[in-house]
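Engineer: can't give you the sequence, but here's the structure:
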């Protein structure tokens, strides 16, 4: 009996922690600002409950627990991908011109990487665990690349990122980066690195949850007002002229080196 | 013993990191400029090109015979070192002028309801090219080779013209009619 409780205590503590983060987030108004992320936090708590119930009722090595774990993993993974789209939409929403351009690039990158993930998963359909693991690996990579690229665009165009979006992005990037690094590099040497490997994989999600807890700990303020956009003509008038001058500047700099 | 493909991969990654660093890492002067929260008109106007006349002596070395005649060899060498340092500072100033213009271009794009791929990709290319060329110019200066005065003068002229034009353009954004009415703070 005591060994059973020993195996249950960590999943139980983790579930309570995830549920607490979800409750705090919903109470502090996350649903208004990032509805998909709020749904994701609630889904984690729900998935934890389903997994814990199957663990208690059927045991760790049962088929029921196995299926409940991997089946709940897929919607969570899809939600994580959708959160990236939500972050981009919220961050770029006040900068329509840049958003129209960036969404094409981000969309192409996301579609290519997701297609690659689906093809990799399709080639591993002999076993549900291998299928979901391959899908997870590919989609985490797609999430990481798309989100980092979106943040690079925001930085380049001096688009301010509020504290909530920054912390939510940080949690997503951290978790995805750890998963990608583990899957790509440590997986082949997992016997040699077993304790480190498992410690990183297990704790990366807890660390992400802690980052998200910091993000939602205080009541979430309303979104900052949108900046006044310039007249479309201002861009059309200025940019060709500026680029011409920058071109000349480059040519002159090149002359210095001749 | 490291196998061939692993060594090749390490070298490729190393080259990639160095290449990306050269391309993407902002110049030191650019980074210093960006650290400032909100540059004003004074930042955009080219201040550095005002000192071009003083730099003529540095670059052309017109007074070399005079300096050699009147100063001791160590003092003359020190003077030349200090002049080279002044030229270096001058080039840093040019980058700051460039960064001011570049930042304004990004802000205009960011606040425009419509941007064009063509213009944005061209500016990005020019920016990356400028960083590489500028680093090469600094390298050339550090190896002891002097830079031709005519070329520096033309470079300065371009920066000056660009800055004057941007200064003129900076006035309209405050008076331009916004493309759409100011949106109320969104609470959704």
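Structural biologist: Yep, it's here. Fair warning: this is a prediction, and the values are worked out from it, not measured in the lab.
Engineer: sec struct for the spatially most central residue of chain A, please.
Structural biologist: In chain A, the C-alpha nearest the mean C-alpha coordinate belongs to residue A:172, at 3.4 Å (CA atoms, centre = their mean). Taking DSSP: H, G, I helix; E, B strand; the rest coil as the rule, one finds residue A:172 in the helix state.
Engineer: contact partners of stretch B:109-118?
Structural biologist: A:95-98, A:100-101, A:157-159, A:227-230, A:232, A:234-235, A:239, B:119-120, B:173, B:179-180 (CB atoms under 8 Å, 6 or more residues apart in numbering or on different chains). C-betas here are computed from N, CA, C, even on glycine.
Engineer: and the nearest residue to the residue nearest to the centre of chain A once chain neighbours are set aside, what does it touch?
Structural biologist: Closest residue in space to residue A:172, ignoring its immediate chain neighbours: residue A:147 at 6.0 Å, by CB to CB, 6 or more residues apart in numbering or on different chains. By CB under 8 Å, 6+ apart, the residues touching residue A:147 are A:84, A:87, A:169, A:172, A:173, A:176.
Engineer: in three-state terms, label residue A:147 for me.
Structural biologist: Classification of residue A:147 using three-state DSSP returns helix.
Engineer: what pLDDT does it get?
Structural biologist: According to the prediction, residue A:147 has pLDDT 92.
Engineer: ok, the one 4 residues further on next?
Structural biologist: According to the predicted model, the pLDDT of residue A:151 comes to 91.
Engineer: right, and it touches residue A:168 too?
Structural biologist: No. Between residue A:151 and residue A:168 there is no contact under CB atoms under 8 Å: 11.6 Å.
Engineer: these two - which one has more neighbours?
Structural biologist: Neighbour count, other CB atoms under 10 Å in any protein chain shown: between residue A:151 and residue A:168, residue A:168 has more, with 27 against 20.
Engineer: tell me the contacts of that one?
Structural biologist: A:34, A:37, A:83, A:87, A:212, A:215 are the contacts of residue A:168 under CB under 8 Å, 6+ apart.
Engineer: again, only using 7 Å
Structural biologist: Contact analysis of residue A:168 by CB atoms under 7 Å, 6 or more residues apart in numbering or on different chains lists A:34, A:37, A:87, A:212, A:215.
Engineer: give me the neighbour count for the closest residue to the last one other than its chain neighbours.
Structural biologist: Just to be clear, that refers to residue A:215. Closest residue to residue A:215 apart from its sequence neighbours, by CB to CB, 6+ apart: residue A:167 at 3.5 Å. Using other CB under 10 Å, residue A:167 has 18 neighbouring residues.
Engineer: worst-scoring helix or strand of the chain, pLDDT-wise?
Structural biologist: You didn't pick a chain, so chain A it is. Ranked by mean pLDDT, DSSP states H and E, the weakest helix or strand in chain A is helix A:232-257, scoring a mean of 77.
Engineer: the intended chain is chain B.
Structural biologist: The helix or strand of chain B with the poorest confidence is helix B:41-44; it has a mean of 48 (mean pLDDT, DSSP H and E).
Engineer: mind listing what's buried in stretch A:112-119?
Structural biologist: Residues of stretch A:112-119 classed as buried: A:113, A:114, A:117 (neighbour count, 16 or more other CB atoms under 10 Å in any protein chain shown).
Engineer: which stretches of the stretch 1-150 of chain A have low pLDDT?
Structural biologist: A:1-6 (pLDDT under 70).
Engineer: where does it come near chain B, residue by residue?
Structural biologist: With CB under 7 Å from any CB of the partner chain as the criterion, the stretch 1-150 of chain A meets chain B at residues A:32, A:95, A:96, A:97, A:98, A:101.
Engineer: let's see that with 8 Å instead.
Structural biologist: A:32, A:94, A:95, A:96, A:97, A:98, A:100, A:101 (CB under 8 Å from any CB of the partner chain).
Engineer: if we can go back for a sec, residues contacting the residue nearest to residue A:215?
Structural biologist: Here residue A:167 is in contact with A:211, A:212, A:214, A:215 (CB under 8 Å, 6+ apart).
Engineer: rerun that using 6 Å as the cut-off
Structural biologist: A:211, A:214, A:215 (CB atoms under 6 Å, 6 or more residues apart in numbering or on different chains).
Engineer: likewise for residue A:243?
Structural biologist: Contact analysis of residue A:243 by CB under 6 Å, 6+ apart lists B:119, B:122, B:123.
Engineer: the last one: neighbour count?
Structural biologist: Other residues within reach of residue B:123, judged by other CB under 10 Å, total 19.
Engineer: same check, this time on the second one
Structural biologist: Residue B:122 has 18 neighbouring residues, counting by other CB under 10 Å.
Engineer: residues in contact with residue B:67?
Structural biologist: residue B:76.
Engineer: would you mark the buried spots in the host helix or strand of it?
Structural biologist: Using DSSP states H and E, residue B:67 falls within helix B:64-70. The neighbour-count check on helix B:64-70 (16+ other CB under 10 Å) flags residue B:67 as buried.
Engineer: circling back: which of the contacts of residue A:167 has the most neighbours?
Structural biologist: Of those, residue A:215 is surrounded by the most neighbours, 24 neighbours in total, counting by other CB under 10 Å.
Engineer: that residue and residue A:30, how far apart?
Structural biologist: To residue A:30, residue A:215 is 9 Å away according to CB to CB, to the nearest Å.
Engineer: ok, residue B:84 next?
Structural biologist: Residue B:84 is 58 Å from residue A:30, by CB to CB.
Engineer: what of residue A:118?
Structural biologist: Taken as CB to CB, the span from residue A:118 to residue A:30 is 30 Å.
Engineer: just residue A:65 next, same as before
Structural biologist: Taking CB to CB, one finds residue A:65 at 30 Å from residue A:30.
Engineer: so the two - more neighbours on which side?
Structural biologist: Neighbour count, other CB under 10 Å: between residue A:65 and residue A:30, residue A:30 has more, with 25 against 20.
Engineer: now for the more buried one: which residues touch it?
Structural biologist: Residue A:30 makes contact with A:38, A:216, A:220, according to CB under 6 Å, 6+ apart.
Engineer: please repeat the previous calculation with a cut-off of 8 Å.
Structural biologist: Counted by CB under 8 Å, 6+ apart, residue A:30 has contacts A:37, A:38, A:41, A:216, A:220.
Engineer: show me where the stretch 101-250 of chain A has helices.
Structural biologist: Secondary structure of the stretch 101-250 of chain A (DSSP state H, counting those that start in this stretch): helices at A:128-156, A:163-181, A:194-217, A:232-257.
Engineer: so which of those helices gets nearest residue A:26?
Structural biologist: Closest to residue A:26 of those, according to CB to CB: helix A:194-217, at 8.7 Å.
Engineer: elements contacting that closest one?
Structural biologist: Under the contact definition 3 or more CB pairs under 8 Å, 6 or more residues apart in numbering or on different chains; DSSP states H and E, helix A:194-217 sits against helix A:2-27, helix A:163-181.
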